[in-house]
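Participant: The sequence and its predicted three-dimensional model are supplied below.
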Amino acid sequence: MQINKIVLSAIAIFGMTSLAYADQGNGSVTFSGSVIEAPCSINPDSVYQDVPLGQISTVTLKDGGTSNPRPFQIKLENCTVATAAVVTAMFSGSESATGLLGMTGTVKGASIAITDGTGAVLKLGSPSAKQGLQTGYNTLSFSAYVQGDGKDVTPGEFQSIADFTLAYQ
């Protein structure tokens, strides 16, 4: 009888201990994305990107000067070339007076230029040069830099958003 009480006590104690440790923190994981009609998937790291352009001297931008280009990429995966062999990218956003990407914030007299992998400036709303696709993974390379508009540049903070659209052929 004594052994039964000891066994029951041990079971009760271990049961309470496991309850005490059963929930030592919790949370949730949200999974999101979209399914697209395209021959390639877009790598999740490429969908929303932040490209830091740095702290640029007004002297650098004087008389239409430019900052150093900062590279960024659109990575494609699981591509099949059975339905399309080339891709173009088109960027859109708020256009500046000089036709480049406009800025919001306190800086004045500068815009953002987006270039393709060859360094050619891309016009907003116009497709890039065609880039050949291969089966599997592909990387579309671009750069962005700040360019003075040819006027005096007023220093300050800036931000700009460019959306991209891919077209396959």
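Facilitator: Ah, there it is. Numbers count the residues shown, from 1 in each chain.

Participant: Does Ser46 lie in a helix or a strand, and which?
Facilitator: Here Ser46 sits within helix 44-47, counting by DSSP states H and E.

Participant: cool, and Phe164?
Facilitator: Applying DSSP H and E, one finds Phe164 within strand 163-168.

Participant: What residues sit buried inside that strand?
Facilitator: Residues of strand 163-168 classed as buried by neighbour count (16 or more other CB atoms under 10 Å): Phe164, Leu166, Tyr168. (Each C-beta comes from the backbone N, C-alpha and C, glycine too.)

Participant: Format those as TSV; extra columns: distance to Val81 and pLDDT.
Facilitator: Below are the buried residues of strand 163-168 laid out as TSV (distance: CB to CB, whole Å; pLDDT from 0 to 100):
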residue	distance to Val81	pLDDT
Phe164	21	98
Leu166	15	98
Tyr168	10	97
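
Participant: Within its sheet, name the partner strands of the strand holding Phe164 and how each one runs.
Facilitator: strand 86-92 (antiparallel) (DSSP bridges).

Participant: Pull the distance from the helix or strand just after the strand it pairs with to the chain's centre.
Facilitator: Using DSSP H and E, the next helix or strand after strand 86-92 towards the C-terminus is strand 104-105. Remark: strand 104-105 is offset 20 Å from the chain centroid, using CA atoms, centre = their mean, to the nearest Å.

Participant: Could I get the CA-only coordinates of stretch 101-114 as CSV?
Facilitator: Extracted as CSV, the C-alpha positions of stretch 101-114 are listed here (Å, rounded to 0.1, in the frame of the first residue of the first chain):
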residue,chain,number,x,y,z
LEU,A,101,12.9,58.6,-59.8
GLY,A,102,11.6,61.4,-57.5
MET,A,103,12.3,61.6,-53.8
THR,A,104,10.2,62.3,-50.8
GLY,A,105,11.7,64.0,-47.7
THR,A,106,13.6,67.2,-47.1
VAL,A,107,16.3,66.9,-49.7
LYS,A,108,15.8,69.1,-52.8
GLY,A,109,17.5,69.2,-56.2
ALA,A,110,18.3,65.5,-56.6
SER,A,111,16.8,62.3,-58.0
ILE,A,112,17.5,58.6,-58.2
ALA,A,113,18.7,56.9,-61.4
ILE,A,114,18.2,53.2,-61.8
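
Participant: got the buried residues for the helix or strand containing Gln73?
Facilitator: Using DSSP H and E, Gln73 falls within strand 70-79. Buried residues in strand 70-79, defined by neighbour count with 16+ other CB under 10 Å: Ile74, Lys75, Leu76, Cys79.
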